[in-house]
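1. I'd like to go over a predicted model; first the sequence, then the structure.
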Number of protein chains: 2
Amino acid sequence: METAPDLRRRQSDAYLRDCPSREILDLVANRWTALVVGALVEGPLRFCQLRRRVEGISQKVLTQNLRALERDGMVRRAVYPTTPPSVEYSLTELGEGVGRHLVALRGWVEAHLPQMHAARAAYDARAGQVEPEE
Amino acid sequence: METAPDLRRRQSDAYLRDCPSREILDLVANRWTALVVGALVEGPLRFCQLRRRVEGISQKVLTQNLRALERDGMVRRAVYPTTPPSVEYSLTELGEGVGRHLVALRGWVEAHLPQMHAARAAYDARAGQVEPEE
DNA sequence: CAGGATCCTTGTCGATACTG
DNA sequence: CAGTATCGACAAGGATCCTG
């Protein structure tokens, strides 16, 4: 670990190894994290609701992501000691900030999907010519 | 592979398995992809320049990412048959679009790093009390 | 310089089973 | 319901060598 990270180099340069942005990029650079935060943007959810919302996520990975997000101050965890117990997850101010960006990014991606698929098809067709296999 | 993906379900819902957004999220949800695109936002770069810019990336992974980005129409690859050969990578219109979002996201993250680290420290201190081990 | 082809070490994820 | 714990499978990533 870096007990005294050399933050004086270039603090706004995520391209250096010791830049703290790297660890935060890991937060976003997780296919599930983006979906979990995106789901919570629409409002607080309980564990199983979240699990159903983010289709395909395993309970283990969901727990992992929630803990990591909670650790970084993105997600608030509220336990209601009812029977059966219910735990509600919601975004903090911080989480909503990053959530806005993720939603914007997802919106952009969805709007430009056709172009990407077209580019992909063109690329594959080109590659398929020189390499007819597969 | 999906020859005929069921796009008619809910096209703007990335939470379903068969939503095409998932595959695109994979593009962004890669720690390296975000850095590569971010590097190219500032201008075209050659392979080795790119490799030096994105510190810590291996040549294999850089190639992989570039090919994937090229396939999706994000990156343009220009080969100049000089000696030694030089290959220049630049963003397409599409790539600049997603690049803007990534830069914005990174800017936000860098601006809020102190809050995240504070939250993290608080969380770790809290966890360290109940679990003095490690 | 730009990259293809290997091997091999990781971490990540999914499935299952069990607690409160 | 809301988790924790453990195991195994798989793929991403890193290191190295080699080509044009």
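-> Arrived safely.

2. nearest spatial neighbour of the most centrally placed residue in chain A, skipping sequence neighbours?
-> Within chain A, the residue whose C-alpha comes closest to the C-alpha centroid is A:A34; the distance, by CA atoms, centre = their mean, is 2.2 Å. For A:A34, ignoring the flanking residues on the chain, the nearest one in space by CB to CB, 6 or more residues apart in numbering or on different chains is A:L102 at 5.3 Å. Bear in mind the C-beta positions are built from the backbone N, C-alpha and C, glycine included.

3. help me confirm that that neighbour is found in a strand?
-> No. If the criterion is DSSP: H, G, I helix; E, B strand; the rest coil, then A:L102 is helix and not within a strand.

4. verify the contact between it and A:V37 for me.
-> Yes. A:L102 is in contact with A:V37 according to CB atoms under 8 Å; the separation is 5.6 Å.

5. picking up where we left off before, so what's the residue nearest to A:A34 up against?
-> Residues near A:L102 by CB atoms under 8 Å, 6 or more residues apart in numbering or on different chains: A:V28, A:A34, A:V37, A:G38, A:V41, B:L105.

6. between those, which is closest to DNA strand D?
-> For the contacts of A:L102, the residue nearest DNA strand D by CB to the nearest atom of the strand is A:V28; the value is 13.6 Å.

7. low pLDDT regions in chain A?
-> In the predicted model of chain A, residues A:1-24, A:26-28, A:128-134 satisfy pLDDT under 70.

8. again, only this time at 80
-> Low-confidence segments of chain A (pLDDT under 80): A:1-31, A:127-134.

9. quick one: A:Y80 from DNA strand C, how far?
-> A:Y80 sits 12 Å away from DNA strand C when distances are taken as CB to the nearest atom of the strand, to the nearest Å.

10. quick one: contacts for the closest residue to A:V79 other than its chain neighbours?
-> In this structure, A:V79 finds its nearest non-sequential neighbour in A:V87, 5.1 Å apart by CB to CB, 6+ apart. Applying CB under 8 Å, 6+ apart, we find A:V87 in contact with A:R46, A:F47, A:R77, A:A78, A:V79, A:Y80.

11. ok, of the residues you listed, which come out buried?
-> Neighbour-count burial (16 or more other CB atoms under 10 Å in any protein chain shown) is assigned, among the contacts of A:V87, to A:F47.

12. out of the contacts of A:V87, list just those in helices.
-> Using DSSP state H, A:F47 are the members of the contacts of A:V87 that sit in helices.

13. can you give me the strands for chain A?
-> With strands called from DSSP state E, chain A shows them at A:45-46, A:75-80, A:86-91.

14. B:K60 is nearest to which of those strands?
-> The closest of those to B:K60 is strand A:75-80. By CB to CB, the value is 34.8 Å.

15. out of the contacts of A:V87, who's nearest B:D124?
-> Closest approach between these and B:D124, by CB to CB: A:R77, at 15.4 Å.

16. quick check: bridge partners of the closest one?
-> For A:R77, the residues forming beta bridges with it (DSSP bridges) are A:Y89.

17. who in chain A is up against DNA strand C?
-> Chain A comes close to DNA strand C at residues A:N30, A:R31, A:W32, A:G56, A:I57, A:S58, A:Q59, A:K60, A:V61, A:Q64, A:P84, A:P85, as judged by CB under 7 Å from any atom of the strand.
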